[in-house]
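A.B. asks: my questions are about this predicted structure, shown below with the sequence.
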Amino acid sequence: MRNIVKAASFTATLTWRHLRAEPARLPLLALRVMPGPTRSAARGALGRAGALPRAYALWDAGRREDALESVRGTARRASPRALARLTAFALAVEQPGLARELLDRVPGGRRRAGLEHRLALTTGRAVRAESPGRWHATTVTPQRRTRHYDAMNDRGSPTGGLRVLHVVTNALPHTNAGYTQRTHRIALGQRAAGLDPHVVTRLGYPLTKGVPDTRPRVDVDGVPYHRLLPWTAPAGPDQELRAALRRAGALVERLRPDVLHAASNHRNAALALELGRRFGLPVVYEVRGFLEESWLSRDPSRSTSDAFYLAERAAETAAMAAADLVVTLGRTMRDDIVARGVDPESVLVVPNAVDEAFLEPLPDGAGVRGGLGIGPADFVVGTTTTCYGYEGLDTLVDAVAALRARGVPAHALVVGDGPELGALRERARAAGLERAAHFPGRVPAGEVRGYHAALDVFCVPRRDDRVSRLVTPLKPVEAMAGGLPVVASDVPALAEIVAAGITGDLVPPGDPVALADRLERLAAEPETRAAYGRAARERVGRDRTWTAAAHRYAAAYTALTGAADGAAARG
């Protein structure tokens, strides 16, 4: 009962804060967390409830243009109050152009001023007031670093190795994505290497995602995942950091780690850096992406001179500069970090990798194909990913439509969920691919290789956005480990993974005709696909396993702490 009350208390205060900050987003969030049948029924009810509810239903169903046209049509005869609500909807679905168009018709006053401010926040022309943190570069050497633990007793590491506390945003078992898989595989590899990894998630998780799980600790495959769960949701970033410090500080006193290892973004780094100063611990900041670049990619009207972009980039750079060591995923990302002024000697590349089990031959994909209605001789191209706009999955859908128009029995298979999934389904329907485009949604991690086995080619059609040029994804590495050839957009981060003409092919981003041309050639050349797949598996097995990554981490931690230093802390 106590856990139920705690979950209800946190959810209620979080909902109230969302309602006060941006009430128009609540229907979208509510629909997103509903199970499939309930979500469909809710959309049907909204479609009969009026013009604005119908717009929400259309948007959630992926019928974006229909939703926007419905709003525009309603606005022609709307009262000032209704215009304000329609403007709020446009802001909630991140359509600043439409919001501006509607807002110009809203009379002046407090209502309009509030909407103007929210438009500035949405477009990034303004940022919410929050302190940037009190970070400064650490100059304490391992020999001079002194731990300051309040706890007098120590359980010690069961493995005898260094204890690491990973500070992350979200985690398994409730969030299955490239980010959470990397966290888990790193932790498993570190355990196998003799380290003692623990993971702690951001304050409020998983309650912040609508999951009523208030257990303070969950073990997944032997890895301890700790949660920081207050009774009420914090009012803002400063309050969140203070609340997280109280709870995470108690966890550090109990666990007595040797190293704090935060992963993107800078809020996790802020917590780790404050804990590091309080307890005299070295801090590693793992840059898994550039969040300001992801934000930039979602709207072509955004720019690198926007206030939000500049603030996020400054916060990330400050976190990198303050950490004892920065870890990142690839050479392109490292170059960007060094260009910000971070010491090159303190930046380590640990690329995305796989478990050795991924190097085993793929299972028989006939069952997955049959369940989707795909014939054994059909040509299947697809991906496993989160459906964001910068992934360029619309290009994949258009390429498959072009292939079928040429007589190639092609199918698209996109495994995963995300904000663009509804729009992709609608695009496939409009292209006549009802039986040739398959979107099973998110699947359990243990089933991913079964879907890999259903593919002939793994495709990464990312757009030519800054985030795509910089950030290297995990999913194609897992596919290559299983012996799949990869066709990817020719951008620097993907060119680090795919050796053109050896493990796959690179094509111009955003060009469905070029993608269809390359796929048509591979459809006709199974021996080329097989050669690419063999080379891909060999390269991943040689350079990109979590076992090898764990030893790189262990060496880095030892350099930061000194092996004797870690042992002395528990002695």
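C.D. replies: Right, received. Where do you want to start?
A.B. asks: now the residue nearest to Arg63 when sequence neighbours are not counted: which helix or strand?
C.D. replies: Spatial nearest neighbour of Arg63, chain neighbours left out: Glu426 (5.6 Å); criterion: Cβ to Cβ, 6 or more residues apart in numbering. The way it works is simple: take the backbone N, C-alpha and C, and place the C-beta from them, glycine included. Using DSSP states H and E, Glu426 maps to helix 421-430.
A.B. asks: what helices or strands is that helix leaning on?
C.D. replies: In terms of contacts (3 or more Cβ pairs under 8 Å, 6 or more residues apart in numbering; DSSP states H and E), helix 421-430 is packed against helix 393-405, strand 410-415, strand 437-441.
A.B. asks: so how far is Ala51 from the residue of the chain positioned farthest from its centre?
C.D. replies: Most distant from the centre of the chain: Arg77, at 40.8 Å, with distances by Cα atoms, centre = their mean. For Arg77, the distance to Ala51 equals 10 Å [Cβ to Cβ, to the nearest Å].
A.B. asks: re earlier: buried residues in the helix holding Glu426, which are they?
C.D. replies: Residues of helix 421-430 classed as buried by neighbour count (16 or more other Cβ atoms under 10 Å): 421-428.
A.B. asks: same check, this time on stretch 107-123
C.D. replies: In stretch 107-123, counting by 16+ other Cβ under 10 Å, buried: 111-112, 115-116, 118-123.
A.B. asks: among these, which are in helices?
C.D. replies: Using DSSP state H, 111-112, 115-116, 118-123 are the members of the buried residues of stretch 107-123 that sit in helices.
A.B. asks: going by distance to Gly161, which of the residues you listed wins?
C.D. replies: Within those, proximity to Gly161 (Cβ to Cβ) peaks at Leu121, which comes in at 45.7 Å.
A.B. asks: what sits closest to that closest one if chain neighbours are left out?
C.D. replies: Arg128 (6.6 Å).
A.B. asks: need the helix or strand of the protein with the lowest average pLDDT.
C.D. replies: The helix or strand of the chain with the lowest confidence, counting by mean pLDDT, DSSP states H and E, is helix 563-570 at a mean of 44.
A.B. asks: between the two ends of stretch 447-466, how far is it?
C.D. replies: Start and end residues of stretch 447-466 are separated by 32 Å (Cα to Cα, to the nearest Å).
A.B. asks: run the chain-centre distance for it.
C.D. replies: 16 Å (Cα atoms, centre = their mean, to the nearest Å).
A.B. asks: now swap in stretch 278-297 and tell me
C.D. replies: 13 Å.
A.B. asks: please apply the same query to stretch 356-371.
C.D. replies: The mean C-alpha position of stretch 356-371 is separated from the chain mean by 25 Å, Cα atoms, centre = their mean.
A.B. asks: stretch 58-66 too?
C.D. replies: For stretch 58-66, the distance to the chain centre is 23 Å (Cα atoms, centre = their mean).
A.B. asks: returning to what we had before: okay, the buried residues of stretch 107-123 in JSON lines with pLDDT and distance to Tyr225 next?
C.D. replies: Shown next, in JSON lines, are those (pLDDT from 0 to 100; distance: Cβ to Cβ, whole Å):
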{"residue": "Arg111", "pLDDT": "87", "distance to Tyr225": "44"}
{"residue": "Arg112", "pLDDT": "91", "distance to Tyr225": "46"}
{"residue": "Leu115", "pLDDT": "91", "distance to Tyr225": "41"}
{"residue": "Glu116", "pLDDT": "93", "distance to Tyr225": "42"}
{"residue": "Arg118", "pLDDT": "88", "distance to Tyr225": "35"}
{"residue": "Leu119", "pLDDT": "91", "distance to Tyr225": "39"}
{"residue": "Ala120", "pLDDT": "92", "distance to Tyr225": "38"}
{"residue": "Leu121", "pLDDT": "86", "distance to Tyr225": "33"}
{"residue": "Thr122", "pLDDT": "83", "distance to Tyr225": "34"}
{"residue": "Thr123", "pLDDT": "88", "distance to Tyr225": "37"}
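A.B. asks: what is the nearest of those to Pro234?
C.D. replies: The closest of these, once distances to Pro234 are taken by Cβ to Cβ, is Leu121, at 18.7 Å.
A.B. asks: state the distance from that closest one to Val127.
C.D. replies: From Leu121 to Val127 the distance is 7 Å (Cβ to Cβ).
A.B. asks: strands of this structure, start to end?
C.D. replies: Ranges of strands in the chain, per DSSP state E, are 163-168, 196-201, 217-220, 223-226, 259-263, 283-287, 325-328, 347-349, 379-384, 410-415, 437-441, 457-460, 486-489, 504-507.
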